[in-house]
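[1] make a model of this:
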Amino acid sequence: QLQLVESGGGLVQPGGSLRLSCAASGFIYYTIGWFRQAPGKEREGVSCISSAGARTQYADSVKGRFTISRNNANNTVYLQMNSLKPEDTAVYYCAAGRWSTSCSATYPTGDYGYDYWGQGTQVTVSS
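    As a prediction, the model looks like this:
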């Protein structure tokens, strides 16, 4: 059983930055995805990174502003979020899975194939 723990959320002004972390032991073989859900909206995929870090994908809404990376030596995946906007406000979740088509050009940010989910961390962008 993989347990994922997110951290790094908080309140930030528009234009500011945050770095989210997702930690879990033993996830070296897993693709990791970041998802978010705002009140009253469906969950959406934000970004993902393959197990070795060779593939990354981003939602169009965050391209050029967010960067995903992973450090398998310390079992952590990061989501660097810059130029934050009020519409980025949501609970952010990380998830892990081993479906081979996850995080690909065919299936870039969908949530199918992710078996383990963290508890979420709140990100609020407001002045």
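
[2] can you list contacts of stretch 117-127?
    Applying C-beta atoms under 8 Å, 6 or more residues apart in numbering, the contact partners of stretch 117-127 are 4-14, 16, 18, 20, 22, 36-37, 81, 84-95. In this view, the C-beta of every residue, glycine as well, is placed from N, C-alpha and C.

[3] give the buried residues for stretch 55-74.
    Under the neighbour-count criterion of 16 or more other C-beta atoms under 10 Å, stretch 55-74 has 57-59, 62, 66, 68, 70 buried.

[4] chain center to stretch 84-104: distance?
    Chain-centre distance of stretch 84-104: 4 Å, with C-alpha atoms, centre = their mean, to the nearest Å.

[5] which residues in the protein form strands?
    Using DSSP state E, the strands of the chain run over 5-7, 10-12, 18-23, 31-37, 44-49, 56-58, 66-71, 76-81, 90-97, 114-117, 121-125.

[6] in TSV: those, plus distance to residue 106 and mean pLDDT.
    Output for the strands of the chain, formatted as TSV (distance: least, C-beta to C-beta, whole Å; pLDDT from 0 to 100):
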stretch	distance to residue 106	mean pLDDT
strand 5-7	27	97
strand 10-12	34	98
strand 18-23	24	97
strand 31-37	13	97
strand 44-49	13	97
strand 56-58	10	96
strand 66-71	18	97
strand 76-81	22	98
strand 90-97	15	97
strand 114-117	16	95
strand 121-125	28	98
